[in-house]
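3D, please:
(chains A and B)
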Amino acid sequence: MRMSRLFLRTLRDDPADAEIDSHRLLLRAGCIRRLASGIYAWLPFGQRVLAKVAQIVREEMDAAGAQEVTLPIVQPLDLWKQSGRDSAYGPLMFRLQDRKEAEFCLTPTAEEVITTIVGGELSSYRDLPVNLYQINWKYRDELRPRFGLLRAREFLMKDAYSFHVDEADLALGYQAMYDAYGRVFSRCGLTFRAVEAASGEIGGDVSREFMAVSAVGEDDFVWCRSCDYAANVEAARRQVVTKEPAAPGSVPPRERVHTPALPGIVGVAEHLGMRPDEMLKVIVFDVDGTLGLALVPGDREVNAAALEQALAPRPVRLYEDDDFAANPKLPKGYIGPDFAGASIVVADPLVRGRPEWVTGANEVDHHVRHAMLDRDFTVQVWADLAAVAPGDPCPRCGSALSIDRGIEVGHVFQLGTKYSEALDVRYTDESGEQHPMFMGCYGIGVSRIVTAVVEEHHDEVGITWPAAVAPYDVHLVVLPGKGDVAAEVMRAADEVYDALTHAGVAVLYDDRDASPGVKFTDADLLGMPVRLTLGAKGYQRGVIERRDRSTGTEQELSLTDDVLTVSPDELRALVAG
RNA sequence: CGGGCUGUGGCGCAGUUUGGUAGCGCGCUUCGUUCGGGACGAAGAGGUCCCGGGUUCAAGUCCCGGCAGCCCGACCA
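Sure thing, here's the model as predicted:
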């Protein structure tokens, strides 16, 4: 592609509303332009990256035995009412009506549609398993779109759905997808982890999230460097170390202390000369309409997912500011583990780890010292409530866990029969009996991969595309100089461009009438893995310069002996380095 | 949804306090010089100052009401 004809405008200045590196660079490099909040146009340069990522996904899906389809973006809302997810997705869905006032939505995902279609086509165990996928735009009216493509309202997603006769076959199909996902992210040049996930709205039992490791990610996950354990913080566990309670009598009686206007753990600890981990944190929640308390050490957070799990199937909801406002009698910030209004007390085993605690006195502006388990307060349910913190022991091997941030680029689920039962999708087995199909679903954020790739592959001057997803293989810069030789240099550069193109190399050819500085700066920003520079001086010496974008390594190639005379295969190898 | 900040040529911004002919840098056009890391000179083009209403002789600026964008938060007492 000749740059003089390419629809591309690089930006000198950083756009003011781009916060993270990938968003900033994708805008500056002319990959995308914003049309509305969380809605982006893909321009030719970015489109090539998107297409390359999509092609990698396509190849790996096909290799794993999945078959590509294209499903409608506009979906009848009735389907969502049947599955019960109309209300579950709620305002996350873009909704619309046709001229007859029939209701539709823009697809946020496609379990309902694919299930309906498969159910209409297949009815025998002989037809299973089957795995169908599409690469298509998805729509979610996010609470807060942000960071460019990272959390967009319109995004390109690969979604695959597999159908099986039983759980064992589902597990096989799931594993095939899991393996394919690893290959996809590796090929895209991402550093990633497959982490245990708490299944959310989609439902199901077994699932893994694929996290591209990145400081700008929106998800925290723990991982163990020694044994490979990795989990989303919500699903993460740590090794439980149980201590015997301290002997009675060793702790002084409770003592009430005045802690005026200090409703926070840190403030109270400072006031009393204690450490936060010597304080007992008491979190108020609602369970089935009654009030419950969750206890963790003061330096710990309560993992809401773990609390829910501990009390399941009873619904749990942590108190928010509104709840406290509605219950002015609750001494917010000063509630103790013996609060009279509590119907249940749940505590983390860490609460056994200390003979006495400083905690709320159930009265505004007062705390108590020397609160002792089983003497001054009791616990009905023990559960791993405390969120995992860096340095905690790994639940598998006991080594220190670390917490990293990641961008969720993929998610695989074993759904079981949730959708096939709701939408009545059955097959007939050998003996003529009907059973719901077992389903798996598998998503990849294709446009989000582009952002994750730029986050991982850039430097202070621009993008450093991995070869597999680079929009072009080679950036050819011609510097014709002045005088009679200029036309010759241009002609030689044209020849190089033609030779490379005929060899199957995708070339971005900077044939613009611009200064060397402009061309080099743009080449750095646009970030093709290899830059070839043909200048007047080099031309006269018969050489063309090859520079590796990410390492900065330079070498000279002979124009006549190498570039313009070798076979296409040799030329490709020469350029690739 | 709550809080904060911001809307002025394509991009980045000043001007708003104290109302008085809409500015700067980059980019764009033309000409000349320059030509291996964002060159220089000269001459140009380009703006409903987010939208609507109000005050005023006069509004980018003041008042009222909207809209949009970005950031933070939306369980940690």
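
where's the residue nearest to A:Pro252 when sequence neighbours are not counted relative to RNA strand B, distance?
Closest residue to A:Pro252 apart from its sequence neighbours, by Cβ to Cβ, 6 or more residues apart in numbering: A:His370 at 4.9 Å. C-beta coordinates here come from the backbone N, C-alpha and C atoms, glycine included. A:His370 sits 20 Å away from RNA strand B, going by Cβ to the nearest atom of the strand, to the nearest Å.

over to A:Arg126?
For A:Arg126 relative to RNA strand B (Cβ to the nearest atom of the strand), the value is 47 Å.

any part of stretch A:31-41 near RNA strand B?
Yes. Using Cβ under 7 Å from any atom of the strand, stretch A:31-41 reaches RNA strand B at A:34, A:36-38.

so which of those is the most crowded?
Counting neighbours by other Cβ atoms under 10 Å, the top entry in these is A:Gly38, with 22 neighbours.

next up, the contacts around that one.
A:142, A:145-146, A:151-154 (Cβ atoms under 8 Å, 6 or more residues apart in numbering).

of these, which belong to strands?
Among the contacts of A:Gly38, DSSP state E puts A:Glu154 in strands.

neighbour-wise, give me the winner out of the contacts of A:Gly38.
Busiest of the contacts of A:Gly38 [other Cβ under 10 Å] is A:Ala152, holding 25 neighbours.

so it sits against A:Tyr40, correct?
Yes. Using Cβ atoms under 8 Å, A:Ala152 is in contact with A:Tyr40, at 6.4 Å.

coming back round to it: RNA strand B: which of the residues of stretch A:31-41 next to RNA strand B is nearest?
Within the residues of stretch A:31-41 next to RNA strand B, proximity to RNA strand B (Cβ to the nearest atom of the strand) peaks at A:Ser37, which comes in at 2.7 Å.

can you pull the contacts of the residue lying closest to that closest one once chain neighbours are set aside?
Counting by Cβ to Cβ, 6+ apart, A:Pro145 is the residue found nearest to A:Ser37 once chain neighbours are left out, at 5.1 Å. A:Pro145 makes contact with A:37-38, A:151-153 under the criterion Cβ under 8 Å, 6+ apart.

ramachandran coordinates for A:Pro145?
Backbone geometry at A:Pro145, expressed as degrees, to the nearest 10, gives phi -60, psi 140.

do the same with A:Val368
The phi/psi pair for A:Val368 (degrees, to the nearest 10) is phi -130, psi 150.

could you report the pLDDT at the residue nearest to A:Ser37?
A:Pro145 carries a pLDDT value of 89.

check the spacing between it and RNA strand B real quick.
Counting by Cβ to the nearest atom of the strand, the gap from A:Pro145 to RNA strand B is 6 Å.

closest one of the residues of stretch A:31-41 next to RNA strand B to A:Val412?
For these, the closest approach to A:Val412 (Cβ to Cβ) belongs to A:Gly38, at 25.0 Å.

quick check: which element contains the residue most central in space within chain A?
Chain A has A:Glu408 as the residue nearest its centroid, 1.2 Å off, counting by Cα atoms, centre = their mean. Per DSSP states H and E, A:Glu408 falls inside strand A:401-416.

residue contacts, A:Arg9?
A:Gly30.

so for it, what's the pLDDT?
So A:Arg9 comes in at 92 (pLDDT).

then A:Ser343?
For A:Ser343, the predicted pLDDT is 89.

what sits against it?
A:Ser343 is in contact with A:287, A:290-292, counting by Cβ under 8 Å, 6+ apart.

likewise for A:Ile283?
By Cβ under 8 Å, 6+ apart, A:Ile283 lies in contact with A:293-296, A:302, A:318-319.

let's see it at 7 Å
A:Ile283 sits next to A:293-294, A:302, A:318 when contact means Cβ atoms under 7 Å, 6 or more residues apart in numbering.
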